[in-house]
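**Q** Provided below for reference: sequence and predicted model.
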Amino acid sequence: MANKLQVEAIKTGTVIDHIPAGQGMKILKRMELIKLKEKITVGFNLPSKNLGMKDLIKVANLLFTEEEANQLALFAPGATINVIENYIIKDKFEMSLPDVVQAAFDCPNSNCISHSEPVQSYFTVKQKNNDIQLKCKYCEKSFSKSIVEDL
Ligand SMILES: [Zn+2]
């Protein structure tokens, strides 16, 4: 019952839980959740057994597509998505790093052909040492995840 304050029930929608603290704001911005005009409840720096602190985002009436969930996973791998229907958790899955990210952000290479062609950006994702690398399909350059995070 100690968690009750953190999670005000929503009838239908999506709860993104176990977001590493500090990433919640980025996700709000990145996914343009505010623009949906749906009720959004956020919690930042909530106590978490596993993470120490976590962020949490609840969006009413939103169900992520697989592609959106993939984009999300890039910024918060390990976060949990709870799909709520009629106040009940209908589906729950942990996000893992996607193989491919499409149309999530523009290629950081300003000379990349994807900027002048009517194409969606397309990156393959690779874990490399402690970093996550994104390789553009069009210019074949690789970028650290931290570069695209701040775009
Ligand atoms: Zn490129």
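**A** Alright, I've got the coordinates. Everything numeric in this text was worked out from a predicted model, so none of it was measured.

**Q** list the buried residues in stretch 56-68.
**A** For stretch 56-68, the buried set under the neighbour-count rule, 16 or more other Cβ atoms under 10 Å, comprises L56, I57, K58, V59, L62, L63, F64. Quick note: C-beta positions are derived from backbone N, CA and C, even for glycine.

**Q** what's the mean pLDDT across it?
**A** Per-residue confidence for stretch 56-68 averages out to 87 on the pLDDT scale.

**Q** tell me the contacts of the closest residue to I113 other than its chain neighbours?
**A** The shortest distance from I113 to any non-neighbouring residue, by Cβ to Cβ, 6 or more residues apart in numbering, is to Y138 (5.0 Å). Y138 makes contacts with C107, C112, I113, S114, E117, V119, S121, Y122, as judged by Cβ atoms under 8 Å, 6 or more residues apart in numbering.

**Q** what residues are up against the most centrally placed residue in the chain?
**A** When the chain is reduced to its mean C-alpha position, the closest residue under Cα atoms, centre = their mean turns out to be L72, at 1.9 Å. Taking Cβ under 8 Å, 6+ apart, we find L72 in contact with I16, I27, M31, F64, A79, I81, M95.

**Q** tell me the SS of it?
**A** The three-state label for L72, taken from DSSP: H, G, I helix; E, B strand; the rest coil, comes out as helix.

**Q** so it versus A104, what's the distance?
**A** 9 Å (Cβ to Cβ, to the nearest Å).

**Q** any chance of the buried residues of stretch 56-68 in TSV, plus secondary structure and distance to I40?
**A** Listed next are the buried residues of stretch 56-68 as TSV, based on DSSP: H, G, I helix; E, B strand; the rest coil; distance: Cβ to Cβ, whole Å:
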residue	secondary structure	distance to I40
L56	strand	11
I57	strand	7
K58	strand	7
V59	strand	5
L62	coil	9
L63	coil	14
F64	coil	14
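
**Q** farthest-apart pair in the residues you listed, please.
**A** The span of those, defined through Cβ to Cβ, is set by L56 and L63 at 17.5 Å.
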